[in-house]
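S.K.: From the sequence below, what's the structure:
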Amino acid sequence: MTQPPHPGPHGSLAAPDVRGDVIDHGEHLSIRGDWVLGHYARLKADTDRFLADRQGQRKAGDLSELGRVDTAGAALIAELLGPDALAQLADQAPDLAEEKRALLHAVAATLGTRAEPQ
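M.R.: Numbers count the residues shown, from 1 in each chain. Alright, predicted model coming up:
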């Protein structure tokens, strides 16, 4: 039997820790779960493998099942989708919390200004 979540420091229930993943639906990718530093090594390996399998080609994305996200996770999502596509997707995700939208935009803007490797 699973234990119910414990109340957080302010009495709210803590969110479950669900490692993020990517599901390829052919025409688009579903970005799911938590994309946070605690899962970075696994997510980075998955991202690198995913991009290598697709030979660097990017697809449209879906953030409807995105859990927690921090700067490290947002950078990996930008790597998967491309910074411009991430910013556009963040604008189009109707249920995305405003703080997540702002973070995704900030990361996309920062990564979008970097020069492409030669």
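S.K.: all strands of this structure, in order?
M.R.: Counting by DSSP state E, one finds strands in the chain at the ranges 21-24, 28-35, 60-69.
S.K.: The shortest one pairs with which strands, parallel or anti?
M.R.: Going back to what we said before, that points to strand 21-24. Its sheet considered, strand 21-24 pairs with strand 28-35 (antiparallel) by DSSP bridges.
S.K.: May I see the buried residues of stretch 97-111?
M.R.: 100-101, 103-105, 107-108, 111 (16 or more other Cβ atoms under 10 Å). For glycine as for every other residue, the C-beta is placed from the backbone atoms N, C-alpha and C.
S.K.: what do you get for stretch 83-95?
M.R.: By 16+ other Cβ under 10 Å, the buried positions in stretch 83-95 come out as 83, 85-87, 89-90, 93.
S.K.: which residue is nearest the middle of this protein?
M.R.: Centroid check for the chain by Cα atoms, centre = their mean gives residue 77 as the closest residue, at 4.4 Å.
S.K.: dump the residue contacts of that one.
M.R.: Residues near residue 77 by Cβ atoms under 8 Å, 6 or more residues apart in numbering: 31, 35, 61, 69, 86, 104.
S.K.: Kindly report the same for residue 33.
M.R.: With Cβ under 8 Å, 6+ apart, residue 33 has these contacts: 18-21, 65-67.
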